[in-house]
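Undergrad: Provided below for reference: sequence and predicted model.
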Amino acid sequence: MSGAGSFYGLLLTAAPTAQDTIQDVEKQLGLVERYLSELPERLLNLGIRTVLALVLFVIGSRIILMIRHFFRKAMERSSSSGEAEQFLDSAIKILLYVVLIFMILQLFGVDAASIATVIGSVGVTVGLAIQGSLSNCIGGILILTLKPFRVGDYIIEATNKNEGVVQQISIFYTKLATYDNQTVLIPNGSLANSSLTNVTDEPERRVDLRVGISYDSDIRQARAVVLKLAEANPLVLKDRDTTVYVDALADSSVTLFIRFWARKEDYWQARYELLESIKYGFDEAGIQIPYNQLDVHLVGKSLGI
């Protein structure tokens, strides 16, 4: 009897468990059925929101272009510099697209407070990761404010000796065009925190040349030849002084320091032309340009002769 009672007890215990399992299955089936019944509506809602997001992006992009065009025209009317116009255009473009993406996320039901929290957290992380980019951005602002150079100037950067004509000053980089048809991008942070030479800030440039002549040559005659050649060269400015001095008494030559002035756009051509004409002029006048040499004098007594 005790065995039969135990068997009936097990049946009574197992019966509710099976019943609960059936109820759970029915509940899950009901959830699936309800989800499937709501799926078309959900897909339709998602499709509508996606279409609205695309429409909003297209319209927003057009509006951004209009706003950028308006600001560019306003900058042109205010006679602002080209580099300031480029910098502000890039900044406005990034800011407006961030606002547009924020609006699209809200269209999909993302809470504004959640977006702000995420942006704040991501901003701190990204800020630590892109300190160099932030430095470049601040450097760009300093360049536009202090204006050490402008678009169209020829600059020489001291850190890596990059040089060229400034084509564009953007948020993070300054673009240079070299004379051998290459494009150099220099971070604004590097330009703002290091020395540079602005070659074309003034309309005229001084050209400095050093030429060595032999100790046997006449310094006065060499000076007269150089001054005559400079006077005959049309690229040398005649309203500025052309001077020729003795710069050094070197081991093998007397070094003449030649200084004259030219327009900034004629600097290199004037330099090359006058150097070449000095060589020909010295040859015609019999003035020697010596090689590096060492004169050895032998004394007979020291050799035992």
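TA: Sure, I can see it.

Undergrad: for the helix or strand where residue 267 lies, C-alpha coordinates in CSV please.
TA: Here residue 267, judged by DSSP states H and E, is contained in helix 267-285. The C-alpha atoms that make up helix 267-285 are tabulated as CSV, following Å, rounded to 0.1, in the frame of the first residue of the first chain:
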residue,chain,number,x,y,z
TYR,A,267,63.4,86.5,-56.9
TRP,A,268,64.7,83.2,-58.2
GLN,A,269,65.0,84.3,-61.8
ALA,A,270,67.0,87.4,-60.8
ARG,A,271,69.2,85.3,-58.5
TYR,A,272,70.0,82.8,-61.2
GLU,A,273,70.5,85.3,-64.0
LEU,A,274,72.9,87.5,-62.0
LEU,A,275,75.0,84.5,-60.8
GLU,A,276,75.4,83.3,-64.4
SER,A,277,76.3,86.7,-65.7
ILE,A,278,78.8,87.2,-62.9
LYS,A,279,80.6,84.1,-64.0
TYR,A,280,80.8,85.2,-67.6
GLY,A,281,81.7,88.8,-66.5
PHE,A,282,84.6,87.6,-64.3
ASP,A,283,85.9,85.4,-67.1
GLU,A,284,86.0,88.3,-69.5
ALA,A,285,87.7,90.6,-67.0
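
Undergrad: which helices and strands does that helix pack with?
TA: Counting contacts by 3 or more Cβ pairs under 8 Å, 6 or more residues apart in numbering; DSSP states H and E, helix 267-285 packs against strand 204-213, helix 219-232, strand 254-263. Every C-beta, even on glycine, is put in place using the N, C-alpha and C of the backbone.

Undergrad: dump the ones you listed to TSV, plus mean pLDDT and distance to residue 240.
TA: Formatted as TSV, those follow (pLDDT from 0 to 100; distance: least, Cβ to Cβ, whole Å):
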stretch	mean pLDDT	distance to residue 240
strand 204-213	92	7
helix 219-232	94	11
strand 254-263	94	4
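
Undergrad: most neighbours per residue, which of the ones you listed?
TA: Mean neighbour counts were compared across the helices and strands packed on helix 267-285 using mean count of other Cβ atoms under 10 Å; the top stretch is strand 254-263, at a mean of 18.

Undergrad: residues contacting the closest residue to residue 248 other than its chain neighbours?
TA: Nearest residue to residue 248, sequence neighbours excluded (Cβ to Cβ, 6 or more residues apart in numbering): residue 255, at 4.2 Å. By Cβ atoms under 8 Å, 6 or more residues apart in numbering, residue 255 lies in contact with 210, 211, 212, 246, 247, 248, 249.
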